[in-house]
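Student: quick check, what structure comes out for this input:
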Amino acid sequence: MKCSTVVPRQTTCRWAPSRPLASPHQRNAQRLQPVRVTNVNQDNFATEVLKSDKPVLVDFWANWCGPCKLVAPLMDWAEKEYKDIKVVKVEHDANPNLISQYKVYGLPTLILFKDGVEITGSKREGAVTKAMLQAYLKQHGVVGVAP
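Tutor: Numbers count the residues shown, from 1 in each chain. Have a look, this model is predicted:
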């Protein structure tokens, strides 16, 4: 930044970048490296969730569900920040057997699984904020947030 004094106590500053500026979109893309949560279905649910060697957070969602779209970025965030869990998504309409088996009545629904079974009391329906997701995970024994 180059500043010059025009009159005492008044300074005008001109900012001259040494290199071209990245657009806001480019800056966000650099800062927010996307992490894609694995989509699972009825065919690979047992392998990806029930046989996982670490706890799994399952997000039941649908394309037509507005609150599900609000929760989706949080699932990407959780996958990136919580190294001791796996995060997966199950699309509601394409997986009716899973929806019925786990009694998913509202969307979005979050369920935690550990050692092949649903953690008792972990089913949570409705949109959540980041703070609510952190509290939910902590309540169910997931506390390992990466620095």
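Student: I'd like to know which elements the longest helix seen in the chain is packed against.
Tutor: Ordering each helix of the chain by length in residues (DSSP state H) puts helix 66-81 first. Counting contacts by 3 or more C-beta pairs under 8 Å, 6 or more residues apart in numbering; DSSP states H and E, helix 66-81 packs against strand 56-61, strand 86-91, helix 130-139. All C-beta spots, glycine's among them, are computed from the backbone N, C-alpha and C.
Student: repeat that with 10 Å
Tutor: Judged by 3 or more C-beta pairs under 10 Å, 6 or more residues apart in numbering; DSSP states H and E, helix 66-81 is in contact with strand 56-61, strand 86-91, strand 109-114, helix 130-139.
Student: deepest in the core, which of those is it.
Tutor: Ranked by mean neighbour count, the helices and strands packed on helix 66-81 are led by strand 56-61 with a mean of 24 (mean count of other C-beta atoms under 10 Å).
Student: partner strands of that strand, parallel or antiparallel?
Tutor: Here strand 56-61 has these sheet partners by DSSP bridges: strand 86-91 (parallel), strand 109-114 (antiparallel).
Student: ok, H92 - contacts?
Tutor: 60-65, 68, 98-99, 104, 107-109 (C-beta atoms under 10 Å, 6 or more residues apart in numbering).
Student: which residues touch the strand or helix carrying L98?
Tutor: Counting by DSSP states H and E, the element that carries L98 is helix 96-101. For helix 96-101, contacts defined as C-beta under 10 Å, 6+ apart pick out 40-42, 45, 49, 58, 60, 62, 90-93, 95, 104-105, 107, 109, 118.
Student: try 6 Å this time
Tutor: Contacts to helix 96-101, defined as C-beta atoms under 6 Å, 6 or more residues apart in numbering, come from residues Q42, F45, V90, H92.
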